[in-house]
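Chemist: got a predicted structure plus its sequence, pasted below:
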Protein chains: 6
Amino acid sequence: MLALKITVKLSGHVLFPTIDTQARISEYAGIVKELVSKGHEVNVVVGGGAPARYYIQIARQQGADESTCDFVGIQIANLNAKIFSIALGDLACPFVPTNYYEMQKAKSIGKIIVMGGLQPGQSTNAVACVLAEFTHSNLLINTTTVDGVYTSDPRKDPKARRLSKVSVSELNKILESLGTKAGEYELLDPVALRIIQRSRITTKIIDGTNPTNILTACADLESGIGTLIVP
Amino acid sequence: MLALKITVKLSGHVLFPTIDTQARISEYAGIVKELVSKGHEVNVVVGGGAPARYYIQIARQQGADESTCDFVGIQIANLNAKIFSIALGDLACPFVPTNYYEMQKAKSIGKIIVMGGLQPGQSTNAVACVLAEFTHSNLLINTTTVDGVYTSDPRKDPKARRLSKVSVSELNKILESLGTKAGEYELLDPVALRIIQRSRITTKIIDGTNPTNILTACADLESGIGTLIVP
Amino acid sequence: MLALKITVKLSGHVLFPTIDTQARISEYAGIVKELVSKGHEVNVVVGGGAPARYYIQIARQQGADESTCDFVGIQIANLNAKIFSIALGDLACPFVPTNYYEMQKAKSIGKIIVMGGLQPGQSTNAVACVLAEFTHSNLLINTTTVDGVYTSDPRKDPKARRLSKVSVSELNKILESLGTKAGEYELLDPVALRIIQRSRITTKIIDGTNPTNILTACADLESGIGTLIVP
Amino acid sequence: MLALKITVKLSGHVLFPTIDTQARISEYAGIVKELVSKGHEVNVVVGGGAPARYYIQIARQQGADESTCDFVGIQIANLNAKIFSIALGDLACPFVPTNYYEMQKAKSIGKIIVMGGLQPGQSTNAVACVLAEFTHSNLLINTTTVDGVYTSDPRKDPKARRLSKVSVSELNKILESLGTKAGEYELLDPVALRIIQRSRITTKIIDGTNPTNILTACADLESGIGTLIVP
Amino acid sequence: MLALKITVKLSGHVLFPTIDTQARISEYAGIVKELVSKGHEVNVVVGGGAPARYYIQIARQQGADESTCDFVGIQIANLNAKIFSIALGDLACPFVPTNYYEMQKAKSIGKIIVMGGLQPGQSTNAVACVLAEFTHSNLLINTTTVDGVYTSDPRKDPKARRLSKVSVSELNKILESLGTKAGEYELLDPVALRIIQRSRITTKIIDGTNPTNILTACADLESGIGTLIVP
Amino acid sequence: MLALKITVKLSGHVLFPTIDTQARISEYAGIVKELVSKGHEVNVVVGGGAPARYYIQIARQQGADESTCDFVGIQIANLNAKIFSIALGDLACPFVPTNYYEMQKAKSIGKIIVMGGLQPGQSTNAVACVLAEFTHSNLLINTTTVDGVYTSDPRKDPKARRLSKVSVSELNKILESLGTKAGEYELLDPVALRIIQRSRITTKIIDGTNPTNILTACADLESGIGTLIVP
């Protein structure tokens, strides 16, 4: 088997579900450990999820501008990352880097880097792409709450159908119809897509509510699950 | 009326109740603004509340040591502080200081300092006492979810009765029977009490679920509500 | 005249031209001072320009990943910002904030904030949008080396024609045909556009090689010069 | 022999005596090296001692509040820690962490962490307890200038007698009669005791003026010297 | 009277004498306040003095390299600066800047900047010169434990005679015969002299053991006391 | 062959020549790698060169004081250091330390430390000396654009002749006749010389425009090239 450099983006909604949160976190920690034991190098970015939405909603109603809402969401994403690094134990870099300078330090430690957000204006998906570039990943796995990229929003459009493969430019068009309020990024946003394109990172979008999907995706990129993005 | 230097400790449970959170935050922001408009100097410390407990519980179950649990709770307290500073708008120092060095900078700005936690091992009550010392406060108001200090835990002991006045050493004895897990500090802990004693800070403990209690307490320390702590 | 909150994005190519650099910088500093003297609140973001391209090119050839190339470009943008703050003298915030936390501090000082870049993955155009949100700007002026947005790249396509007004979604389509290597962002990138849209920031793109264009644009948004972006 | 995780608290008065300071520091460095060579993992917290008292006294007389006095004392404790890390040479983490974030980084280096203080309101004894939790120590050794915990202050009360074993709650009562001015903490303070209790850390208090006592204590916790604290 | 921009360098030996330290600090704080009340802008750099020498000596004997010894001395100089800022009360910038970035922030506050050291290799005299440049001082007053610059070391050479005026190049020659161990810089070192020369800062060296000498020097640079350095 | 601890100072003019910059950088990276492969420990300081002069000149003309000009030059030197660390790949510490605290962290990583500048008032030559002390180097190699130390400036004085050996005090006299504007330090400045003297660091000054000179110098200090400085 080929040893890969993998960046895993765990959606906050996937890692911190409303029920059975502990079990989900433990399960994902187990899967990352398994990937490492198989010889892969793994780094992780965690999103904000429901707690981020909760705080962003309060901040916005109290008068915060959107940049500040982003900042609020980033704090939660960083905390989620800390929690996940705790679950990984000694395999994880013990601190959560929150800027490029700290990312450099984390790299020098040689353990699993777990990150949340960076700066307002960037989704944690974009952060995952930056980390994938920075760690020279050859695979980026992005978990969502649906089972891949659809032609339109599957929660609103019954005709939406999943794409097993999609080019970046097609995906760009699909994304344009979505909103951009802080904490509501669901799929890869335009920055993420630009980074995927500029560094030609193979990307797989999968349903993260079933954690073992990551193993399936790593074992065979062409497996039927999820959506493969062609840079 | 005398212009006071007041440090207000807002319990996380008080400021972030499960329902009507927005209304509560707005109401407290309004009260702090009112105190300022009356000529008082006000600084605020916000606790972690339910979101902190949620994260601490996850962290502990994933294997975090208690210091790390404290750290996790502090992140939420700091975020709660950021939210409250947003609600205060231009009256508030725009950043949340998280160590003494940053506290010095916040002081130089001359606006309402809003803080959360400092370091593991210290409750946000202790932080409120440190801030009270640092800002030379002559009054520390500590909000809780009960209406003052009781002879024992009023949620467990039906014979518990509220004390209208209590000395620090009596309070110390009451506290000894309580636990100390991260995020579960309810009243003033030993560090807080030692600081109250060493700097002789007049302290009033009140029921924070009724925000106007702060106005009553500031207008008349000997008013019937809450508990007055005698250094 | 209405007092506006204006964020000015000065392209690095515009502020640091190959010849007469000193004169250009002095002229722009004079214009910003004039806007301030007219009662406007002004904040500034400066791009990397030719020096950034020089360093990015070296970094890339020495093996740097694109995120690191972004970081390299950001260092130059920050230095350019420092230079421009020197030119503004006592009107400028004396330090260049490089993350959101420092932006909060800069805000508390009440002087012209001059920034460069934030983090890899974000262009300085995106930073200008974040700063516009953060300072509640009602006008964002973006200088380029051409005289507005064209239907295609005017340097390559003789049929390209300037748009006097353009919607965000139309602009998005135009941008898709452009590349994304670090330091080569010319117009507003997708992040910038999303922020313009989410916070509904009136944006004017003008030819920055003639500094007085800014005064024209501020005096009358509907003036013939440049391109007005409709959120 | 069992390999232990030991946190050693070296009182500033013990490590920086008025005479023969160099010899004392060298001797303690030798003992820590010996513990490491025996397979124990050792981390160290150093107090402020006489230099801290000197500066705190000046600060207080010049009008500093008690929080600021604490801060002043912490600076000296951190410097004492730096000195001790120099004495340990390559075995020590080369920087002195001064907050939890830096503690995480120090942990990743895998060398002896040497710390001083954290934040106002916390004694270096509390810091030692936080470090003991953070490093999962199964033994905390606390050196003082007396030979254990006494029923009252042995320097004032001739009837004071040393306790070979004491429970946390008994110790709490003994501490209540002591003062709390910055830099005057002698034994474990209430925060320290609460941490010992919450994380059930076996703690031994010994006379640090005889450095070899540490070796005796590590070899046999039930040895006659000092006082064993039962969580 | 002319309002001056004055940078005062207070030697650690002058500000922290072995006896009557409190009185000396209070007296100097009073003099700085008096200068401010007369309309002068004053900024202050404080040296390390005897406490710095104490720690440097220990560090060196424990095996520290000279750079680390410098670092140790800088920590004490910074603490001395903090003490002096406490003595100045609300007139002083509440934090001690320790690098150029923080100096920029301190400048924005508009209060008396009090600094200690910057980085290894630079004496606090050099720091005073940097601060003088940075604050556009037209006068730098440097206090020593002797009453000016002598033709040779007056403590060793009975023929040494005080110079009332000296050029930088003459002073350079005098300095060459002195040693350079960390913490032993007595007069202006070569860096300091180069800065004085490059920015043409009028400098007066006076006996600081008589604090009122500063007032005399500010009132009349040509007064008989001390030594005037001609850039 | 003896394994040495070598600090290499690469002049910015040497590492970033106007033409063939990439080739020069690659060549120097190759030479440092070769030294490491031979068992030497190598650390590197990079100067600012032409880009630093460009920015310093603009800053000065826009009204910056000399300290700020130094700061501007330091930013470029730090960026040059980042570029060189990229060229060294995994052998280099991934971050550029910019103060002593970060230098301590870099040391703990055990890779090649690459630095630029520290603080205003210090040249990058002084920084190289500080790093040499800090890493206990037994050899400091300083590259220039001439082939050693001359009795006077060889670009101005045709009678200037190269010295194969020179004492620190002789060198001091030669330096006195040179100017000190920021970014114009060419040879070792007085601070650098004092550090060389206090820590008795063997120093070799060589013509850096021929990169292989470093190998020659390391193989035989008494080789005819360059100038050997005798502490």
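Modeler: That came through, no problem.

Chemist: and the helix or strand hosting A:F84, anywhere near chain B?
Modeler: When elements are defined using DSSP states H and E, A:F84 is found to belong to helix A:66-88. Yes - in this structure, helix A:66-88 sits against chain B according to Cβ under 8 Å from any Cβ of the partner chain; the contacting residues are A:T68, A:F71, A:V72, A:Q75, A:I76, A:N78, A:L79, A:K82, A:I83, A:I86, A:A87. Just so you know, the C-beta spots here come from the backbone N, C-alpha and C atoms, and that holds for glycine as well.

Chemist: who wins on neighbours among those residues?
Modeler: Within those, neighbour counts (other Cβ atoms under 10 Å in any protein chain shown) peak at A:I76, which reaches 30 neighbours.

Chemist: just give the nearest non-adjacent residue to that residue, would you?
Modeler: Nearest residue to A:I76, sequence neighbours excluded (Cβ to Cβ, 6 or more residues apart in numbering or on different chains): A:A52, at 4.0 Å.

Chemist: that older thread, pLDDT for the residues of helix A:66-88 next to chain B - can I get that in TSV?
Modeler: What follows is the residues of helix A:66-88 next to chain B, written out as TSV (pLDDT from 0 to 100):
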residue	pLDDT
A:T68	97
A:F71	97
A:V72	98
A:Q75	98
A:I76	98
A:N78	98
A:L79	98
A:K82	98
A:I83	98
A:I86	98
A:A87	98
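
Chemist: out of these, which one sits closest to F:P94?
Modeler: F:P94 has its nearest neighbour among the residues of helix A:66-88 next to chain B in A:N78, at 20.8 Å by Cβ to Cβ.

Chemist: for the closest one, what are its contacts?
Modeler: A:V96, A:T98, A:M115, A:G116, A:G117, B:Q75 (Cβ atoms under 8 Å, 6 or more residues apart in numbering or on different chains).

Chemist: skip the chain neighbours and tell me the closest residue to it.
Modeler: The spatially closest residue to A:N78, leaving aside those adjacent along the chain, is A:G116, at 3.6 Å (Cβ to Cβ, 6+ apart).

Chemist: hang on, that neighbour packs against A:P97?
Modeler: No - in terms of Cβ atoms under 8 Å, A:G116 does not count as a neighbour of A:P97; the distance is 9.4 Å.

Chemist: please flag which of the contacts of A:N78 sit within helices.
Modeler: When the contacts of A:N78 are checked against helices (DSSP state H), the matches are B:Q75.

Chemist: quick check: the farthest pair among the contacts of A:N78?
Modeler: In those, the most distant members under the criterion Cβ to Cβ are A:M115 and B:Q75, with 14.8 Å between them.

Chemist: ok, now which ones touch the residue nearest to A:I76?
Modeler: A:A52 sits in contact with A:G12, A:V72, A:G73, A:I76, A:A77, A:N80, A:G183, where contact means Cβ under 8 Å, 6+ apart.

Chemist: ok, the fourth one touching A:V46?
Modeler: Spelled out, it's A:I76. No - under the contact definition of Cβ under 8 Å, A:I76 does not touch A:V46, with a separation of 9.7 Å.

Chemist: got any residues that touch both of these two?
Modeler: Looking at what touches both A:I76 and A:V46 (by Cβ under 8 Å, 6+ apart), the common residues are A:G12, A:G116.

Chemist: closest one of the residues of helix A:66-88 next to chain B to F:T18?
Modeler: Of all the residues of helix A:66-88 next to chain B, the one sitting nearest F:T18 is A:F71; the distance, using Cβ to Cβ, is 42.9 Å.

Chemist: follow-up on the earlier one: next structured bit after the helix holding A:F84?
Modeler: Next along the chain after helix A:66-88, taking DSSP H and E as the criterion, comes helix A:100-109.

Chemist: close to chain C, is that following helix?
Modeler: Yes - residues of helix A:100-109 contacting chain C under Cβ under 8 Å from any Cβ: A:Y100.

Chemist: ok, stretch A:62-75 next?
Modeler: Yes - applying Cβ under 8 Å from any Cβ, one finds stretch A:62-75 touching chain C at A:D65, A:E66, A:S67, A:T68, A:F71.

Chemist: surely the third one is in contact with C:A126?
Modeler: No - A:S67 sits out of contact with C:A126 when judged by Cβ under 8 Å, with a separation of 10.7 Å.

Chemist: ok, the two, which is more surrounded?
Modeler: Neighbour tally, A:S67 and C:A126, criterion other Cβ under 10 Å: the higher count belongs to C:A126, 29 against 24.

Chemist: measure that one to C:S199 for me?
Modeler: When Cβ to Cβ, to the nearest Å is applied, the distance between C:A126 and C:S199 equals 13 Å.

Chemist: from the chain's centroid, how far away is the helix or strand of chain A with the lowest mean pLDDT?
Modeler: Of all the helices and strands that make up chain A, the one with the lowest confidence by mean pLDDT, DSSP states H and E is helix A:168-176; it has a mean of 78. Its chain's C-alpha centre and that of helix A:168-176 lie 18 Å apart, by Cα atoms, centre = their mean, to the nearest Å.

Chemist: appreciated, that's everything.
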